[in-house]
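Q: here you go, sequence then predicted model.
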Amino acid sequence: MNRARAAVIGAAETTEMGKLPHMSQIQLHADAALNALADAGLKPSDIDGIATAGETPESLALYLGITPTWIDATGVGGCSFMMHVRHAMAAIESGLCRHVLITHGESGRSHIAAAGFPHPMPGSLPQQFETPFGTYGPPTMFTLPVLRYLKDRGYEQEDLARVAVVQREWAALNPRASQKTPISVDDVMASKMIAYPFRMLMCCLVTDGGGAIVLSSAERAADLHDRPVYVIGTGESVEGNMISQMEDFSSSKAFRVSGRNAFAQAGITHADVDHLMIYDAFAHLPLYGLEDLGFCQPGEAAAFIREGHTRPGGKLPLNTNGGGLSYMHSGMYGMYALQESIRQMRGVAPAQVLGAKISVAHGVGGMFAASSTIIFSSENT
């Protein structure tokens, strides 16, 4: 395992999560930011780097009274915050800043001063070549690759349903989870059809909330927090913003490139991974992630889940907070995956994986348009 170049010294989610009609988007950012700063033992004036998506860095800096010397407004959807971690690490290492605050906040359910889902711009490639044919938004855009994927892999709808069932098992162990009532494959298959093959319980929640992370250099991390979490590997890539132009509907090129680079930078193998978070806006994404990241061979992910390897007590605990299907999904889920990886590395997660030392958080942006992978360690060896 390679030594880290940056570490998390503060991490927290919003004080409340779920349905928050009394809080605007920027208030959610600020609430999460102040909670993370308190965890780090820092003040807003200690921050000299800001990264955010959905909200603008200039609005956030003004709202919190921060004067940054480095900013990042990368916005590629749900994995933006994972990319922010990667970019912040490089900025800290190069001396552009000392302490970076990464924030997320969305009023996805209540829509209070919210940015909302981005519409294709007139004249853009998607607006010209996909939207006229009825593909708009996640449920309809994701159906195109997943139908090919199910056929190529020999998977059934029930394999998608089983992902949701296992996520709910983890959520039942998490007091903060939005949905904790146990469900069965039959329950998922009986839920309302949204867009074939997706039924309602295969689709993410719609909630309000947010989270924030404070990063500093690995060298000074132990002096700033009693349980720093080290960033040992990062990756990112994009494939394009048109779902119809994927190289292979049964595999995400961005997933493969991002994951491969993160593992290479970390200097670890799949056998070293104790805990895994795969962005699960819809139930097919953990299946793609297991295969494209190399934890399973193509065609093996469904059986891997069916055999219980990702469940509580399994050999590869996956989405231990309950995921976007049962824990929380305000629109861009990547921050919540990062938060759970950090909790696991600190040893404070509600469903703690005993002895976990390495966690992989993997995200998607748009509909397979972008991806980022962050590998955390509880140790800097």
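A: Structure received. Being a predicted model, the structure only gives us computed values, none of them experimental. Numbers count the residues shown, from 1 in each chain.

Q: quick one, strands of this structure?
A: Counting by DSSP state E, the chain has strands at residues 6-13, 49-52, 70-72, 100-107, 193-195, 198-199, 208-217, 229-238, 275-278, 358-365, 370-377.

Q: turn the ones you listed into a markdown table, including mean pLDDT, mean neighbour count and distance to residue 113.
A: Just so you know, the C-beta spots here come from the backbone N, C-alpha and C atoms, and that holds for glycine as well. Converted to a markdown table, the strands of the chain look like this (pLDDT from 0 to 100; neighbours: other Cβ atoms under 10 Å; distance: least, Cβ to Cβ, whole Å):
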| stretch | mean pLDDT | mean neighbour count | distance to residue 113 |
| --- | --- | --- | --- |
| strand 6-13 | 98 | 26 | 19 |
| strand 49-52 | 98 | 27 | 15 |
| strand 70-72 | 98 | 20 | 21 |
| strand 100-107 | 98 | 30 | 7 |
| strand 193-195 | 95 | 15 | 28 |
| strand 198-199 | 97 | 22 | 30 |
| strand 208-217 | 98 | 28 | 11 |
| strand 229-238 | 98 | 24 | 29 |
| strand 275-278 | 98 | 26 | 29 |
| strand 358-365 | 98 | 28 | 23 |
| strand 370-377 | 98 | 30 | 26 |
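
Q: adding distance to residue 284, write the ones you listed out as a markdown table.
A: What follows is the strands of the chain, written out as a markdown table (distance: least, Cβ to Cβ, whole Å):
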| stretch | distance to residue 284 |
| --- | --- |
| strand 6-13 | 26 |
| strand 49-52 | 28 |
| strand 70-72 | 30 |
| strand 100-107 | 23 |
| strand 193-195 | 12 |
| strand 198-199 | 8 |
| strand 208-217 | 24 |
| strand 229-238 | 19 |
| strand 275-278 | 11 |
| strand 358-365 | 11 |
| strand 370-377 | 15 |
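
Q: closest to residue 136 out of the ones you listed?
A: strand 193-195 (11.0 Å; Cβ to Cβ).

Q: by contact count, what packs against the closest one?
A: With contacts taken as 3 or more Cβ pairs under 8 Å, 6 or more residues apart in numbering; DSSP states H and E, strand 193-195 sits against helix 138-153.

Q: distance of the closest residue to residue 370 other than its chain neighbours relative to residue 53?
A: Excluding the flanking residues, the one nearest residue 370 by Cβ to Cβ, 6 or more residues apart in numbering is residue 76, at 4.0 Å. From residue 76 across to residue 53, the span is 8 Å (Cβ to Cβ, to the nearest Å).

Q: the more surrounded of these two?
A: Neighbours per residue (other Cβ atoms under 10 Å) separate residue 76 from residue 53, with residue 53 holding more: 27 against 23.

Q: let me see the contact set for the nearest residue to that one once chain neighbours are set aside.
A: Of all residues not flanking residue 53 in the chain, residue 80 sits nearest, at 3.8 Å (Cβ to Cβ, 6+ apart). By Cβ atoms under 8 Å, 6 or more residues apart in numbering, the residues touching residue 80 are 53, 74, 332, 334, 365, 372.

Q: could these be laid out in a markdown table, adding distance to residue 100?
A: A markdown table is the format used below for these (distance: Cβ to Cβ, whole Å):
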| residue | distance to residue 100 |
| --- | --- |
| 53 | 14 |
| 74 | 13 |
| 332 | 18 |
| 334 | 16 |
| 365 | 20 |
| 372 | 16 |
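
Q: of those residues, closest to residue 264?
A: residue 372 (14.8 Å).

Q: what pairs with that closest one across the strands?
A: residue 236, residue 363 (DSSP bridges).

Q: could you check how far the residue nearest to residue 370 is from residue 372?
A: Separation of residue 76 from residue 372 (Cβ to Cβ): 8 Å.

Q: try residue 132
A: 31 Å.

Q: equivalent analysis for residue 111, please.
A: Using Cβ to Cβ, residue 111 is found at 27 Å from residue 372.

Q: same check, this time on residue 244
A: Going from residue 244 to residue 372 by Cβ to Cβ gives 23 Å.

Q: ok, residue 169 next?
A: Residue 169 is 27 Å from residue 372, by Cβ to Cβ.

Q: can you map out the helices along the stretch 51-200 of the chain?
A: For the stretch 51-200 of the chain, the helices defined by DSSP state H, counting those that start in this stretch occupy 57-64, 80-93, 125-129, 138-153, 157-171, 185-190.

Q: just so I know, which of these lies nearest residue 307?
A: Across the helices of the stretch 51-200 of the chain, residue 307 has its closest neighbour in helix 157-171 (10.5 Å, Cβ to Cβ).

Q: now do the contacts for the residue nearest to residue 338 when sequence neighbours are not counted.
A: Excluding its sequence neighbours, the residue lying closest to residue 338 (Cβ to Cβ, 6+ apart) is residue 361, at 5.2 Å. Counting by Cβ under 8 Å, 6+ apart, residue 361 touches 82, 277, 334, 337, 338, 340, 341, 373, 374, 375, 376.

Q: so which of these is the closest to residue 177?
A: Out of the contacts of residue 361, the member with the shortest distance to residue 177 (by Cβ to Cβ) is residue 340, at 11.0 Å.

Q: so what pLDDT did that closest one get?
A: For residue 340, the pLDDT comes out at 98.

Q: neighbours of it, how many?
A: That count, for residue 340 with other Cβ under 10 Å as the rule, works out to 29.

Q: over to residue 300?
A: 14.

Q: check whether it really touches residue 287, as I assumed.
A: No. Taking contacts as Cβ atoms under 8 Å, residue 300 lies outside contact range of residue 287: 9.8 Å.

Q: before we move on, the earlier item: save the contacts of residue 361 as a markdown table, and put in distance to residue 37 too.
A: Below are the contacts of residue 361 laid out as a markdown table (distance: Cβ to Cβ, whole Å):
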| residue | distance to residue 37 |
| --- | --- |
| 82 | 20 |
| 277 | 24 |
| 334 | 20 |
| 337 | 21 |
| 338 | 16 |
| 340 | 20 |
| 341 | 20 |
| 373 | 26 |
| 374 | 21 |
| 375 | 25 |
| 376 | 20 |
